[in-house]
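S.K.: A predicted structure for the sequence below; I have some questions about it.
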Amino acid sequence: MRTIIRKVGNSLGNIIPAAFIRQLELEEGVEINITAKNGRIIIEPIRKKKKLPFSEGELLEGLTAQTAHADEIAEISSAEWGEQ
């Protein structure tokens, strides 16, 4: 797709076409990384990892072999075996 470099304030800029916005699932405020390589400009969104509500340590806090029921042998039900 061809576009034109435009003056934006004291800088130059370009508008990212809506088709690319949808394809890359971009939205206002998303950080991007811009690099130049072999005469090309590469623009990549910076995808932040989703933060889970609990850390692994928080989930395992207070867990012992007893509270984890490691002392019990599981009995597999017929439904778990795929039997009806």
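M.R.: That came through fine. Since the structure is predicted, the reported quantities are computational estimates derived from the model, not experimental observations.

S.K.: report the rounded mean pLDDT for stretch 62-76.
M.R.: Stretch 62-76 shows a mean pLDDT of 76.

S.K.: show me what contacts the spatially most central residue of the chain?
M.R.: Nearest to the centroid of the C-alpha atoms of the chain, with distances taken as Cα atoms, centre = their mean, sits Lys49, at 4.6 Å. Contacts for Lys49 were tallied using Cβ atoms under 8 Å, 6 or more residues apart in numbering; there are none. Where you see a C-beta, it was placed from the backbone N, CA and C, and this is true even at glycine.

S.K.: now do the helices in the chain.
M.R.: Assigned by DSSP state H, the chain shows helices spanning 18-23, 56-60.

S.K.: now tabulate those in a markdown table and tack on mean neighbour count.
M.R.: Converted to a markdown table, those look like this (neighbours: other Cβ atoms under 10 Å):
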| stretch | mean neighbour count |
| --- | --- |
| helix 18-23 | 10 |
| helix 56-60 | 9 |
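
S.K.: adding distance to Asn33, write these out as a markdown table.
M.R.: Output for the helices of the chain, formatted as a markdown table (distance: least, Cβ to Cβ, whole Å):
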| stretch | distance to Asn33 |
| --- | --- |
| helix 18-23 | 15 |
| helix 56-60 | 29 |
